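J.: need the 3D shape of this:
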Amino acid sequence: MATSPETIKKYQKRRWSSLQSQEARLAWRLLLPTAFIVFGLVVFPAVFSIWISFHKVNLSNLNDVFHAPFVGLDNYERVIKDFAFKWSSWKNMGAYITSIVYSFVSTILTILIGLVAALLLNRPFRARGISRAVFLFPYVAPIVSVAFVWRWILDPRPSGVANDILMRLNLIDRPLGFLSTPGLALILVIIFTGWRYFPFAMLMILARLQAIDKTLYEAADVDGANTWHKFWSITLPELRYVVGALFLLRLIWTFNKFDDIYLLTGGGFGTNVMPVLTYQFSFRLFNFGVGAASAMILLITLVAFLVVYVGIFMRYTEEV
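T.: I've put the predicted structure just below:
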């Protein structure tokens, strides 16, 4: 028997006025402002950057960017051949290789310092709360002030703190240009990054350390295990998920990091990484197409690493 139109309309009206439908409409109304903001500030700029990377966009046609000439992969070719993979020595690597070295080494250093700090602060001692607050200073301090303090310490003039101390100890005869020496500048930038961001790793690791079941250590003591055995057999396995997540997050953030290196060296003296290169193309040379291509190479690298890392990490966790 066919349903009459009046019955269908009554059913639709009853369904429209039901509590479940009202809640669904309310949810959409609450989500729409956030969806518009995300689209306007994230989705559209990302898609627009991809489009720009295949076009010649500079100051001459910035007022009519949607009619910019299509250049295909020319922007990518310029970045790869002239800047990203240009290599003369280990002290003057291309921006892409420098980004990889800087990101991986500084991320590992960050986690190692954070692990040591967390192990120290996990032990009971007087003024432990104050010590934890002091350890957080590098992470919560403004990056501009911290970077300029480091530049003052590493000042190439005799009045620089590091040069003054080394010369007083007769370890050097003349002032050193710490941040203007290729190779040494990259090492110091890596050390700076490890020092600045280790509190984040320390907090995450410390939280996991305090959640480890103490009976595991008591059982190890009964079996005669020493400190190293307990660390290797109990502490590290319990930290593997936290450390794995930390490594992924810190690597992504460091690979995209711009302000640390720019404030310390401006990207010069062998420290020119991909984010700084993108800035130089876009806001110094005003070649926005090449700058967008540089940013896309950065994005492709991160996505590829994310896929590989998550696949390996998930396989490892399933086996364990």
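
J.: how about the helices in the stretch 151-300 of the chain?
T.: In the stretch 151-300 of the chain, the helices defined using DSSP state H, counting those that start in this stretch lie at 161-168, 184-211, 214-222, 227-230, 236-255, 259-264, 274-283, 288-319.

J.: in stretch 143-154, what's buried?
T.: Residues 146, 147, 150, 151, 154 are the ones in stretch 143-154 that count as buried (16 or more other Cβ atoms under 10 Å). C-beta coordinates here come from the backbone N, C-alpha and C atoms, glycine included.

J.: could you measure from the second one over to residue 154?
T.: Using Cβ to Cβ, to the nearest Å, we find residue 147 at a distance of 11 Å from residue 154.

J.: which parts of the stretch 1-150 of the chain are helices?
T.: All helices of the stretch 1-150 of the chain, identified by DSSP H, counting those that start in this stretch, fall at 5-16, 19-38, 44-52, 74-78, 95-121, 128-135, 137-140, 143-153.

J.: find the residue closest to residue 73 in space, skipping its chain neighbours.
T.: In this structure, residue 73 finds its nearest non-sequential neighbour in residue 54, 7.6 Å apart by Cβ to Cβ, 6 or more residues apart in numbering.

J.: residue 298 too?
T.: Counting by Cβ to Cβ, 6+ apart, residue 298 lies nearest to residue 274, which is 4.7 Å off, once chain neighbours are set aside.

J.: mind listing what the one you found touches?
T.: If a contact means Cβ atoms under 8 Å, 6 or more residues apart in numbering, then residue 274 has 84, 95, 96, 99, 255, 294, 297, 298 as its contacts.

J.: low pLDDT regions in this structure?
T.: For the chain, the stretches with pLDDT under 70 are 1-19, 88-92, 314, 316-320.

J.: residue nearest the middle of it, spatially speaking?
T.: residue 253 (0.7 Å; Cα atoms, centre = their mean).
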